[in-house]
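**Q** here is my input; please provide its structure:
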Amino acid sequence: MGGFAVPSFVKAHRGRRHLLRGVRLDRAAERVILSHLIHDVTVGPAGWALIRKAKDRERRLCQRIGIEIAEADALALLAGVAAS
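**A** Sure, this is the predicted structure:
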């Protein structure tokens, strides 16, 4: 399998929580890179994912690595921000 090297400038931000939007987690490449990004998160959820109609595989991955799924998409998020 090919290498998924995470650049050093990205590694410097490990431990931060991330918001995933527009990313389906049904391919191995995305799952591996996400796991590398959230590697050192220790407090609370590792991040959040905006996934409308998440598949079982995506739900299992997110539960295992500590990502909370929000059943919405990026447009719904932006509409909510604009309304407030």
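**Q** what's the spatially most central residue of the chain in contact with, if anything?
**A** Nearest to the mean C-alpha position of the chain, counting by Cα atoms, centre = their mean, stands residue 20 at 4.2 Å. Residues near residue 20 by Cβ atoms under 8 Å, 6 or more residues apart in numbering: 34, 47-51, 67. The C-beta positions use only the backbone N, C-alpha and C, and glycine is treated the same way.
**Q** looking at these, which has the smallest pLDDT value?
**A** Per-residue confidence across these is lowest for residue 34, with 83 (pLDDT).
**Q** you'd agree that residue is up against residue 27?
**A** No. Checked against Cβ atoms under 8 Å, the pair residue 34 and residue 27 is beyond contact range at 10.7 Å.
**Q** quick revisit: ramachandran coordinates for the residue nearest to the centre of the chain?
**A** Backbone geometry at residue 20, expressed as degrees, to the nearest 10, gives phi -100, psi 130.
**Q** who's it bridged to?
**A** residue 49 (DSSP bridges).
**Q** measure how buried residue 62 is and give me the count.
**A** Neighbour count for residue 62, taken as other Cβ atoms under 10 Å: 23.
**Q** nearest spatial neighbour of it, chain-adjacent residues omitted?
**A** Computed as Cβ to Cβ, 6 or more residues apart in numbering, the closest residue to residue 62 that is not its neighbour in sequence is residue 69, at 5.2 Å.
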